[in-house]
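[1] Requesting a structural model of the entry that follows:
(chains A and B)
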2 protein chains.
Amino acid sequence: MKPSAETMAQAAEALQDALRRLHIPFDAAQFQWQGIVPVQYKEHAGDARGLGWRGVTRYSLGRPPYIEASFALRYFEIAPDGYSSLEKHAHVHLVVVVRGRGRALVGERVFELQPLDIVYVPPLMPHRWVNPYDEPFGFLCTVDAERDKPQPVSDEEWDALRANPETAPYVF
Amino acid sequence: MKPSAETMAQAAEALQDALRRLHIPFDAAQFQWQGIVPVQYKEHAGDARGLGWRGVTRYSLGRPPYIEASFALRYFEIAPDGYSSLEKHAHVHLVVVVRGRGRALVGERVFELQPLDIVYVPPLMPHRWVNPYDEPFGFLCTVDAERDKPQPVSDEEWDALRANPETAPYVF
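    Purely as a prediction, here's the structure:
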């Protein structure tokens, strides 16, 4: 479900307030940051092939204009049996796992991930985050603040990913 | 001690290789990333008041040109009884604690930090990271890749921080 404009505005205001306090304490019991409002992934969901997703929550932890920088830091959490869109874009992801275990399809590979593992998603490389486990899977993801929108993979990429036994289970 | 040019070049090459593999596994037993070479903080150490530091190690986890982005991600670890320089700069820090406990002097405040706490250091705000505990204190720190060099705090800032009971113990 696409979050409402009101939800998005509330989340943005809460983030601004939290960053003004300079320290955002983390509540380990709830696995949440004080004053940070989660929103359902994502604003730009599409109906194109592969863009489906399930059980993904996004937390914005810092972005301009609330920080004077050119990057944005987000935390994504994927519920058991959840997955993100299979997508690509020109901007890169640099990811650090901080909760649970999961998998990442990146290009022609599928990586098994555990806490503090790092994943780099280069420009225009197809990728999908998957949680086949019983516990939430969460990761920090830094991006350039100015960035292009995700797009579906091409027909050629789709076919190649389906023909590759490593990636095929995650191409749907 | 300032790291040698050879050490810096080796660390850069290792980072490039690690990012080309897209997945950088984390070794929880060693608290290190596979193929990531730590270097002693920092290249730009100075003799100015407050710029002393002790027991700080830096790991570069991603930066241009090895990632196609305008940000850099580093991991800093501060040994027990260690501390970073008391400094300021125009570029901001967005920090996420991932190991142990520590403290941050940021502006007129000192924050007590624990894992996954976030700290925002706005432009030109004096700051110092301190580990008064018995275990290593480590945090991820994202910055803009293009950024200014750290500078010592001004005389006015030094005096104000020394006069403030909260910050005074960390101003030396």
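
[2] Assign residue A:8 to one of the three secondary structure states.
    Residue A:8 carries the three-state label helix when classified by DSSP: H, G, I helix; E, B strand; the rest coil.

[3] What of residue A:78?
    With three-state DSSP as the basis, the three-state label of residue A:78 is strand.

[4] Test for you: state the pLDDT assigned to it.
    If you check residue A:78, the pLDDT there is 98.

[5] Show me what it bridges to in the sheet.
    Beta-bridge partners for residue A:78, by DSSP bridges, are residue A:56, residue A:137.

[6] Over to residue A:127: give its phi and psi.
    Residue A:127 adopts backbone torsions of phi -150, psi 150, taken as degrees, to the nearest 10.

[7] What of the one 5 residues further on?
    Dihedral angles of residue A:132 (phi, psi; degrees, to the nearest 10) stand at phi -90, psi 10.

[8] Now do the contacts for it.
    By C-beta atoms under 8 Å, 6 or more residues apart in numbering or on different chains, the contact list for residue A:132 reads A:81, A:102, A:103. For the C-beta atoms, the positions are set from N, CA and C on the backbone; glycine is no exception.

[9] go on, residue A:157?
    Under the contact definition (C-beta under 8 Å, 6+ apart), the residues listed for residue A:157 are A:88, A:126.

[10] and the gap between it and residue A:163?
    Counting by C-beta to C-beta, to the nearest Å, the separation of residue A:157 from residue A:163 is 11 Å.

[11] Assess the claim that residue A:41 and residue A:59 are in contact.
    No: under the criterion of C-beta atoms under 8 Å, residue A:41 makes no contact with residue A:59, lying 10.1 Å away.

[12] what touches both of these two?
    Taking C-beta under 8 Å, 6+ apart as the contact criterion, the common neighbours of residue A:41 and residue A:59 are residue A:76.

[13] Can you list the low-confidence ranges for chain A?
    Applying pLDDT under 70 to chain A flags the ranges A:1-2, A:42-46.

[14] From residue A:168, how far off is the residue nearest the centre of it?
    When chain A is reduced to its mean C-alpha position, the nearest residue by C-alpha atoms, centre = their mean turns out to be residue A:76, at 4.7 Å. Relative to residue A:168, residue A:76 is positioned 24 Å away (criterion: C-beta to C-beta).
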